[in-house]
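Colleague: no FASTA, just this:
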């Protein structure tokens, strides 16, 4: 496909694996690079470079290779960013929105092989917007279910370890001189991710490994284990 001046569109490829995914079929860096090269050839794109992040999760955009790829867009070295799948770029709806607003709303293109996204066309931009909207809805719905479950836990006094999962004691003091219990943002984030991964069909062990790799910690600050995930899911989905 040609750019506005008749030349081929210059794209920079971006590939990523997190530690637990490096051995997964079809997700390895080599497999991703091959898919990008084949797609660029089929679509007559000029693949100027492929930047890769190894052993990094998508919980933040502050990844060295991703920043280099975005820098190429800023510098005009590339006109578009090519990925095998959107989750290689980010798993965060908020981060995806920020990237679209800064880079892909008008000036630059975003192309995703597996998601059939090419924002150089109106149809491609529509698909991206729909995917972002659905992801946002899923995130908000999961958040609502999580908070309802946490409210149930607090009301029934269910505890894991030394304190109720999803809650923590803040610095404020109530009229009885006790520290006020407030919602724990860290716990909520971990539970939301846990529910989302379970909905995707991941095993308890895989969920525990993903939570740990992404930097989530248990109530005691340790790594997640399958049994701990099972206990939390059993309590947060209790009627």
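Modeller: That came through fine. Just so we're clear, the structure is a prediction, and the values are computed from it rather than from any experiment.

Colleague: In terms of pLDDT, where does the closest residue to residue 124 other than its chain neighbours sit?
Modeller: Spatially, and ignoring its direct neighbours in sequence, residue 124 is nearest to residue 118 (4.0 Å; CB to CB, 6 or more residues apart in numbering). For glycine as for every other residue, the C-beta is placed from the backbone atoms N, C-alpha and C. Per-residue pLDDT puts residue 118 at 92.

Colleague: Distance check, residue 118 against residue 14.
Modeller: Distance from residue 118 to residue 14, counting by CB to CB, to the nearest Å: 15 Å.

Colleague: ditto for residue 125
Modeller: On the measure of CB to CB, residue 125 and residue 14 end up 19 Å apart.

Colleague: more neighbours, those two?
Modeller: Set residue 125 next to residue 14 and count neighbours by other CB atoms under 10 Å: residue 14 wins out with 25 against 19.

Colleague: for the more buried one, phi and psi?
Modeller: Taking degrees, to the nearest 10, you get phi -130, psi 130 for the backbone angles of residue 14.

Colleague: So what pairs up with residue 80 in the strands?
Modeller: Taking DSSP bridges as the rule, residue 80 bridges to residue 11, residue 109.

Colleague: wouldn't it be in contact with residue 112 here?
Modeller: No - assessed by CB atoms under 8 Å, residue 80 is found out of contact with residue 112, at 10.8 Å.

Colleague: mind listing what the residue positioned nearest the centre of the chain touches?
Modeller: In the chain, the residue lying closest to the centroid (CA atoms, centre = their mean) is residue 91, at 1.6 Å. When contacts are counted by CB atoms under 8 Å, 6 or more residues apart in numbering, residue 91 is found next to 58-59.

Colleague: For residue 47, see how far away the residue nearest to residue 110 when sequence neighbours are not counted is.
Modeller: Ranked by CB to CB, 6+ apart and with sequence neighbours excluded, the top spatial neighbour of residue 110 is residue 104, at 4.3 Å. Residue 104 sits 18 Å away from residue 47, going by CB to CB.

Colleague: again with residue 211
Modeller: When distance is defined by CB to CB, residue 211 is 35 Å away from residue 47.

Colleague: Just confirm the residue nearest to the centre of the chain is within a strand.
Modeller: No - secondary structure of residue 91, determined by DSSP: H, G, I helix; E, B strand; the rest coil: coil, with no strand assignment.

Colleague: distance of it from residue 45?
Modeller: Taking CB to CB as the measure, residue 91 falls 25 Å from residue 45.

Colleague: Next: residue 118.
Modeller: Residue 118 sits 10 Å away from residue 45, taking CB to CB as the criterion.

Colleague: Kindly report the same for residue 223.
Modeller: When residue 223 is compared with residue 45 (using CB to CB), they lie 42 Å apart.

Colleague: between these two, which one's more packed in?
Modeller: Neighbours were counted for residue 223 and for residue 45 using other CB under 10 Å; residue 45 has more, 24 against 13.

Colleague: That one contacts residue 12, correct?
Modeller: No - using CB under 8 Å, residue 45 makes no contact with residue 12, being 10.4 Å away.

Colleague: Good, wrapping up.
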